[in-house]
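1. Could you work out the structure for the sequence below:
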Amino acid sequence: QVHLVESGGGSVQPGGSLRLACRISGYTFDHYNIGWFRQVGKEYEGVSCISGVDGATYYLDSVKGRFTISRGDAKDMVFLQMNSLRLDDAGTYHCATRALDYNVKEMCVGVRIGYWGQGIQVNVSS
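-> As a prediction, the model looks like this:
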């Protein structure tokens, strides 16, 4: 059973930074893609996804140049560095995995999720 636990959320002012972390257990790293998904109300959108095979990445247009997804050396951690945060970045962020039946863009754009964590809140307000 794949298990994901997010950490690092919180409250910041616009322009601030947060670093989200996701610890993943119960899986073989190079058999999955991993992504961060944002829930706002009842809607979900893929913020960034990374390949477990070659490290290829995808970013939502609105976060390009501000957010960076990365894997830890131990490969059981995935991070999302969020800089220059804006009001519309707020939401509940979920870490998720998906088997390699979709590439990272398809996973993020299509919100194609296999396993996901409970989520962590990111608040951006002045």
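2. tell me the contacts of the residue nearest in space to the middle of the chain?
-> Closest residue to the average C-alpha location of the chain: Trp36 at 1.7 Å, with CA atoms, centre = their mean. Counting by CB atoms under 8 Å, 6 or more residues apart in numbering, Trp36 touches 20, 22, 46-49, 69, 78, 80, 93-96. From N, CA and C alone the C-beta is placed, and that goes for glycine too.
3. host element of it?
-> Assessed by DSSP states H and E, Trp36 sits inside strand 32-40.
4. continuing past that strand, what's the next helix or strand?
-> Following strand 32-40 in sequence order, the next helix or strand is strand 43-50 (DSSP H and E).
5. and that next one, what other elements does it pack with?
-> strand 32-40, strand 57-59, strand 67-71, strand 77-82, helix 104-109 (3 or more CB pairs under 8 Å, 6 or more residues apart in numbering; DSSP states H and E).
6. Kindly calculate the angle that that strand makes with strand 77-82.
-> 110 degrees (axes from the mean of the first three to the mean of the last three CA atoms, to 10 degrees).
7. in what helix or strand does Glu6 lie?
-> strand 3-7.
8. hang on, the earlier thing: of the contacts of Trp36, which is the nearest to Val2?
-> Ala96 (9.6 Å; CB to CB).
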